[in-house]
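# Predicted model follows, preceded by the sequence.
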Amino acid sequence: MLSRLRAPNTFVLLFSFLCLVAALTWILPGGAYERQQVEGRELVVAGSFHPVEANPQGPGAVLMAPVKGFEGKGLIIGFVFLVGGVFGILHETKAIQAGIDAVVAASRKREWVRRAAIPVFMILFSLGGAVFGMSEEVIPFVLVFIPLALALGYDTVTGIAIPFVGAGAGFAGAFFNPFTLQIAQGIAEIELVSGWEYRAVVWVLTTAVAIVFVSLHAHRVARDPSRSPTPAADAAHRQRIQAEQQENSGTADSAGDERPTTEGKALSGRAGAVLLAFALGMLVLVWGVGRYQWYIAEICAVFLGIGLAAALLGRLSAGQTSDAFVAGAKDLTATALVIALAQGILVIASDGRIIDTILHGLAGAIGQVHPIVTAQLMVLVQSAINFVVPSGSGQAALTMPVMAPLADLTGVSRQTAVLAFQFGDGFSNLIIPTSAVTMGVLTLAKVEWAAWARWLAPLFAIFLLLALLLMIPPFFIGW
C-alpha cells in the first residue's frame, strides 16, 4: 500500500520536472563555469561563468534521460539495493520487533520505566533515524505505541509522536543515515560520514527538542484529557483496546492475566544475538570510515556481513535468507528509480547546457549576502523542494549537484550544504501531506491530517528556527 501511495506522486512529479527542464533548454541561454580538480574533487571556479551555445533537448533525450541516470548513479543505486536487502534479512529475523516488544513489556511493569518511556523510546527511534534512516519502518510501531500511550494516560498523538517524531528528529539530524546523508555526501564528493562530530551535536539538540515537546504535551493530557487534539481517535482506540482485553480475558490463564499480547514478551537469546551483531557491525563501520576512509564498496561489504551474521544467528535457512534479501531490496526499488529519474533531470540540464546557467542565477540570488545567510536560505529552499519531492534520496540526487557547487561559489562549505539538505528534507517530512509515510501513519492512527498539522506546527516552527541557528557555527569553526 505504501508504494502505491508514494510512487505515482513522486514519479509523476519528477517526470514533470524532467519535461519542464527539457522545455527550459529551449528557453534559457547556454552557459558554463570552468572547473578544476582540487584534492580529487571537481570544483567550480568562482567568477568563470561564460555563455556557450545552447543545446535544446527534444523528446528522444527525455526518454533516454532516466537510463542515463542509472549510468551516472549506478554505484549509489547498487548501494541502496544491497542495504535494503540486508534490512530485509533483519526484518525476517524479527529481532528488531522483539527488542521493541521487550522494552514495551518492561514499561508496563515498573513506574520508573513508565516515566522514562517517552525519552527512552524517542531516543531509540531517533537513533534509528540517524543511523539507518528509519522512516517507513515506523508505521507498524504506531499500532504498538498508541495502546501504550493510552495505557499510560496519554493520547493518540503521543502514541504517534514517540516513534514518528522520534525517528524524524534523528532523520533530520542524522550522522550516519546511508539513504540521505551518505547519498548527499557522495554526490557532493566529500567523504562519507565525515563531519560526524558536529552532526552528533545536532542530533542531540534535535532529539532533545522533540523529547521535551512531546513530553510536555503528554503530561498536559495526563492532567487534563480534554486537551488532547484527537478525542475521537482516543475514544475509538480505547474502545478497540477494551474489546481486545475482553476477548483476551476469555483465554487468560488461571492467574487472570488479561494483558495485551505485547505484555510479557521477553527478548530471546536469538533476537538478542542478532541485535548485538547489528550493533557491532555499526561500530566496525564507524571505525572503518573514520580510520581508513572506507567508501561505498567497503560499506556495502560491512552491511552484507551484518546480513549474513543476522541470518546465521536468526537461524534462517538459505532460502529464507535469499527471499528476505530480495524482498528488502525490492522494497527500495522505488528509491533506486527515484535516484535514476532525478539524475536524469540533471542529465537533461547538463546536456542542454543550462545547469550552470541555473547555478549562476541561484548564486546571484542568494550569493550576494553573507555565507551564513546563504546557508540559511538553502534550508528554506530545500524545505520547499521537499514538499513536491518527498523522497530524501531523490531530493539529494536532484538538488546536491546544484547545491554543492553553489556552496563553492558563495563561501559555504559543502558539509554545510549537505546539512541544509538534511534539515530541509527531515523536518518538513513530519508535516507535509505529500509524504506517504506521514499519511500512512495518520491513516493507521485514525487521525486527520489537519488535526496533526495544527498540533505539530509549533514544533515544526521550533525545528526550523533551530535549523537556521545551527547553520551559524559551521562558518566560524571552518566545518
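Perfect, I can see it now.

# Tally up the residues packed near Gly478, please.
Counted with other C-beta atoms under 10 Å, the neighbours of Gly478 add up to 7. Where C-beta positions appear, they are placed from N, C-alpha and C, glycine not excepted.

# Quick one: residues contacting the closest residue to it other than its chain neighbours.
Using C-beta to C-beta, 6 or more residues apart in numbering and skipping residues adjacent in sequence, the residue nearest Gly478 is Ser413, 7.7 Å away. Ser413 sits next to 407, 474, 478-479 when contact means C-beta atoms under 8 Å, 6 or more residues apart in numbering.

# what two of those are the furthest from one another?
Ala407 and Gly478 (13.7 Å; C-beta to C-beta).

# can you map out the strands along the stretch 201-350 of the chain?
Remark: no strands are assigned in the stretch 201-350 of the chain by DSSP state E, counting those that start in this stretch.

# Give me the residue ranges of it where confidence is low.
241, 244-267, 286, 289-290, 293, 295, 335 (pLDDT under 70).

# which outside residues touch the helix or strand hosting Val379?
Using DSSP states H and E, the element containing Val379 is helix 371-388. Here helix 371-388 makes contact (C-beta under 8 Å, 6+ apart) with 13, 366-367, 369, 395, 398-399, 403, 406-407, 410-412, 416-417, 420-421, 423-425, 427-429, 432, 434, 464, 467-468, 471-472, 474-475.

# Restricted to strands, list the residues you listed.
Per DSSP state E, strands hold no members of the contacts of helix 371-388.

# Now do the strands in the stretch 1-150 of the chain.
Counting by DSSP E, counting those that start in this stretch, the strands of the stretch 1-150 of the chain are 31-32, 35-38, 41-44, 50-51.

# any idea which of these scores lowest on pLDDT?
Of all those, the minimum mean pLDDT falls on strand 41-44 (a mean of 60).

# Spatially nearest residue to Pro51, not counting backbone neighbours?
That would be Gly31: by C-beta to C-beta, 6+ apart, it lies 5.4 Å from Pro51.

# ditto for Ile472
Ile372 (5.5 Å).

# From Leu470, how far off is the one you found?
11 Å (C-beta to C-beta, to the nearest Å).

# In terms of neighbours, single out the busier of these two.
Taking other C-beta under 10 Å, Ile372 and Leu470 do not tie; Leu470 has more neighbours (23 against 18).

# Give me the neighbour count for the nearest residue to the more buried one once chain neighbours are set aside.
Nearest residue to Leu470, sequence neighbours excluded (C-beta to C-beta, 6+ apart): Val202, at 5.7 Å. Counted with other C-beta under 10 Å, the neighbours of Val202 add up to 23.

# any idea how far Phe423 is from Val202?
9 Å.

# hey, what's in contact with both of these two?
Looking at what touches both Val202 and Phe423 (by C-beta under 8 Å, 6+ apart), the common residues are Leu470.

# longest helix of this structure?
helix 196-223 (DSSP state H).

# Now do that helix: distance to the chain's middle.
Relative to its parent chain, helix 196-223 has a centroid offset of 17 Å by C-alpha atoms, centre = their mean, to the nearest Å.

# what comes up buried for it?
196, 198-199, 202-203, 206-207, 209-211, 213-215, 217-218, 221 (16 or more other C-beta atoms under 10 Å).

# of all those, which comes closest to Val21?
Comparing the buried residues of helix 196-223 against Val21 with C-beta to C-beta picks out Arg199 as the nearest, at 31.6 Å.

# Quick one: the helices in the stretch 101-250 of the chain, in order.
111-132, 138-151, 156-172, 181-187, 196-223, 231-249 (DSSP state H, counting those that start in this stretch).
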